[in-house]
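Asks: sequence isn't available, so here's the structure alone:
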């Protein structure tokens, strides 16, 4: 079992590393080829694409969780896999048409002159939600090598095509189009991978709707809150500031989020370990000590690098034309340190079935948007707001951490309504 875990982990780690390197190459080339104004618009659209991918990630988690629970029931598993793929496809198609219908107002809000940019974004969005279902099936079946390959294929096609088109002198529409094409190619590979991994049947899977909803809402709202805190400032700066200023802020955000990604792997580990500890009656809070130490170490090292070498970091990420971002990078990195820590501790609270922090997190998302809307005279002012809000979010996530099975052995409570619904479903 340990060797199997290591082997599976190595596939996902390698794929994640490849995706991050590809993303660095994407921004390294495009920031230099497009220039300040066009790159600022591109970064804003990419931030929206990232947020859409987060929505797909929620769908992946829900599907993977349900499929993993029924891996030993071949007939129900086939129906569940078929239902999951059908549902995610319908959601993707609907999302595509909604964004397509809103393409003109979205383009006007983002001040993107070429409507083709938003149309490609709509295609990417619909594809990502359909791809999320396929990835959820592969994850639930523990087909980790094939799951990893969907990530690698998408990143390879997207980055290679975008760089090639930028070299030929194409604008941001081609770059966003590369995102859409990468998603479509990944879908094609994932369909083949799923067909080789399981048998699909299309019919009623017999899952109680209330149970699925309960599994989804907590993860969805918490994930969306964290994701929104990572994008709302970028969108509002793009709307209220000039092209040049929003491009500078895009470079600041791109560099500063390296601190967030430094601990981005922790939720994947923290959540299942906290759940396992709670279900077994062990002390799930034992997960908090190593996670906290890793957060402190990674954050200290990352902030030290940003404090000592802000110029080389910005130059490596975006080029010397973005040198105006250098004085802002360290403070933004501090804000991302708070957000990265919040993300890890949110995973812990989800793992022990504690959603009490969610109203505060959602309220703070709104507070950040309102504050930036009314207080945005300079980029310094915006970053100050982001630091304060992310610090308060971390405090809200940490507050009451030990109230629900966090520091005492306690088996998670079973909802009798879920049991009743399951009996009715069968």
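Replies: Sure, I can see it. Note that the structure is a prediction, hence the values are computed from the model and not measured. Numbers count the residues shown, from 1 in each chain.
Asks: list the buried residues in stretch 87-94.
Replies: Neighbour-count burial for stretch 87-94 flags 87, 88, 89, 91, 92 (criterion: 16 or more other Cβ atoms under 10 Å). In this view, the C-beta of every residue, glycine as well, is placed from N, C-alpha and C.
Asks: which residues touch that stretch?
Replies: Surrounding stretch 87-94, the residues in contact under the criterion Cβ atoms under 8 Å, 6 or more residues apart in numbering are 59, 63, 125-134, 136.
Asks: starting at the chain centroid, how far to it?
Replies: With Cα atoms, centre = their mean, to the nearest Å as the basis, stretch 87-94 stands 19 Å off its chain's centre.
Asks: quick one: mean pLDDT for that stretch?
Replies: The average of the pLDDT scores along stretch 87-94 is 92.
Asks: what's the domain layout of the protein?
Replies: Dividing the chain into domains by automatic domain parsing, as the record does, gives the ranges 1-207, 216-414.
Asks: which strands or helices does the one helix or strand residue 388 maps to pack on?
Replies: Assigning secondary structure by DSSP states H and E places residue 388 in helix 379-398. Packing partners of helix 379-398 (3 or more Cβ pairs under 8 Å, 6 or more residues apart in numbering; DSSP states H and E): helix 209-229, helix 232-240, helix 243-262, helix 326-351, helix 358-374.
Asks: quick one, it and helix 326-351 angle?
Replies: 20 degrees (axes from the mean of the first three to the mean of the last three Cα atoms, to 10 degrees).
Asks: burial of the nearest residue to residue 202 once chain neighbours are set aside, as a residue count?
Replies: In space, and not counting its chain neighbours, residue 202 is closest to residue 82: 4.2 Å by Cβ to Cβ, 6 or more residues apart in numbering. Counted with other Cβ atoms under 10 Å, the neighbours of residue 82 add up to 18.
Asks: quick one: end-to-end distance for stretch 197-217.
Replies: Between the opening and closing residues of stretch 197-217 lies a distance of 29 Å (Cα to Cα, to the nearest Å).
Asks: taking the mean pLDDT, what do you get for it?
Replies: Summarised as a single mean, pLDDT over stretch 197-217 is 70.
Asks: from now on call the first residue 435
Replies: Noted, 435 is the first residue going forward, which turns the last one into stretch 631-651.
Asks: if we can go back for a sec, nearest to residue 467, of the helices and strands packed on helix 813-832?
Replies: Closest to residue 467 of these, according to Cβ to Cβ: helix 677-696, at 13.4 Å.
Asks: what's the mean pLDDT across that closest one?
Replies: In this model, helix 677-696 has a mean pLDDT of 81.
Asks: coming back round to it: run the angle between the helix holding residue 822 and helix 666-674 for me.
Replies: An angle of 150 degrees separates the directions of helix 813-832 and helix 666-674 when computed by the same axes, to 10 degrees.
Asks: contacts made by helix 813-832 with the rest, please.
Replies: For helix 813-832, the surrounding residues in contact (Cβ under 8 Å, 6+ apart) are 663, 667, 670-671, 675, 679, 682-683, 686, 762, 765-766, 768-770, 772-773, 775-776, 779-780, 783, 791, 794-795, 798, 801-802, 805-806, 809-810.
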